[in-house]
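**Q** Quick check, what structure comes out for this input:
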Amino acid sequence: MSQYAGVSLHLDSLGEAFGYPEGFRDPAYHQVLDRFQALCDKHRIRGSVFVIGKDLEDEANRERLRWLARQGHEIANHSWSHYINLGAMPLEEMRFEVRASHYRIADCVGYEPKGFVAPAWSYSERLMRVLISCGYEYDTSLFPTPLLYGFLFKNALNHLNQPAKLRRVLDRKDWLEGVRGRRDPYVIENSEGELVMVPMPVANGMAVWGTTGFVFGWRRHFQFMRQALAVRTHFNYCIHPADLLGQEDVPAGYTHSLERLSGNWREKMDRMSESFALLVEGAKSVVTLREMAASVQERALRQIAA
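**A** Next up, the predicted model:
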């Protein structure tokens, strides 16, 4: 049984995907946040929500995020522009992506974010140094399983007609982390400080997050969840807006490459509810990722003291 489990919502907005069209009412900040809140209320948990800073240039999105924060969820950073090669970008651009989003989130919800995840889990040691210098307590960008390569291949296929995005998909510094990355949380230290890395949960080589239900079927997905909860001390269950949206939620005239948006959102809610129930059943404590990271820090300090 996991000691700690948590739910993280990577708030990948449709506004960002469609190029921020004027007057666009983003379902990610409306339908998705309502449905996410309903799931969390049902299972009596609070999650960690990773936000794209540029989304908060829209006042309607800002108000929705303030509402979500008032419900007790942790608000964390998902970069300013959602560039999917963030970990490989030049240092100053990387620093801007972290800091610009950091300050916009703080201005919106009234506190500075302490958690980060890179778009498309674009991990790099240089990004970790930037996060430590900015005072972050944890990151969850590491995807330590060969499934990383399948994910990137599929992502590349989705962007074959978008050369700029395709180049970003392939521009990474973490190609070896799928086979050598550590699978349990650990502390990263340098001369400026430290942060906790909370990797994607893996069991028998399989990363477990909301998407696996759509790819492998829900029966197998729940098996993967149970296996991961049994072997991982810390379990971060990641979901995305597409996991809670249906085609009817996408305004007419907009095209996208996310196959799972074609499903019925009510059926998706049922599957996500089952996933949340497994999480509560399979962990001793369901916490925010910041609380989870603090437990890793405490464990590391106890080991040093011993």
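**Q** before we move on, what SS does Glu194 have?
**A** With DSSP: H, G, I helix; E, B strand; the rest coil as the basis, Glu194 sits in strand.
**Q** Show me what it is bridged to.
**A** When assigned by DSSP bridges, Glu194 has beta-bridge partners Glu189.
**Q** so who does it touch?
**A** Ile132, Val187, Ile188 (C-beta atoms under 8 Å, 6 or more residues apart in numbering). In this view, the C-beta of every residue, glycine as well, is placed from N, C-alpha and C.
**Q** I'd assumed Ser191 was in contact with the first one.
**A** No: in this structure, Ile132 is not within contact of Ser191 by C-beta atoms under 8 Å, at 9.2 Å.
**Q** Between those two, which is the more surrounded one?
**A** Ile132 (19 against 6; other C-beta atoms under 10 Å).
**Q** Skipping adjacent residues, who's closest to that one in space?
**A** Gly193 (4.8 Å; C-beta to C-beta, 6 or more residues apart in numbering).
**Q** For that neighbour, give me the pLDDT.
**A** Gly193 is assigned 96 on the pLDDT scale.
**Q** now do Lys173
**A** Looking at Lys173, its pLDDT stands at 95.
**Q** What is the neighbour count of it?
**A** Neighbourhood size, Lys173 [other C-beta under 10 Å]: 17.
**Q** Please renumber the chain so that the first residue is 122 from this point on.
**A** Right, with 122 as the first residue, what we last looked at is Lys294.
**Q** Number of residues surrounding Asp391?
**A** By other C-beta under 10 Å, the residues close to Asp391 number 12.
**Q** mind exporting stretch 205-216 as PDB, just the C-alpha atoms?
**A** Taking C-alpha atoms only, stretch 205-216 is exported to PDB below (Å, rounded to 0.1, in the frame of the first residue of the first chain):
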ATOM      1  CA  ILE A 205       6.900  20.800 -25.000                       C
ATOM      2  CA  ASN A 206      10.700  21.100 -25.200                       C
ATOM      3  CA  LEU A 207      11.100  23.200 -22.100                       C
ATOM      4  CA  GLY A 208      13.900  21.100 -20.600                       C
ATOM      5  CA  ALA A 209      16.000  21.600 -23.700                       C
ATOM      6  CA  MET A 210      15.400  25.300 -24.200                       C
ATOM      7  CA  PRO A 211      18.200  27.900 -23.800                       C
ATOM      8  CA  LEU A 212      18.700  28.800 -20.200                       C
ATOM      9  CA  GLU A 213      17.300  32.300 -20.200                       C
ATOM     10  CA  GLU A 214      14.200  31.200 -22.100                       C
ATOM     11  CA  MET A 215      13.700  28.400 -19.700                       C
ATOM     12  CA  ARG A 216      14.100  30.800 -16.700                       C
END
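**Q** Buried residues of that stretch, list them for me.
**A** Ile205, Asn206, Leu207, Gly208, Ala209, Met210, Met215, Arg216 (16 or more other C-beta atoms under 10 Å).
**Q** Those in helices, which ones?
**A** The helices, defined by DSSP state H, take in Met215, Arg216 from the buried residues of stretch 205-216.
**Q** now, which of the buried residues of stretch 205-216 sits nearest Trp339?
**A** Checking those against Trp339 with C-beta to C-beta, the nearest one is Ile205 at 26.9 Å.
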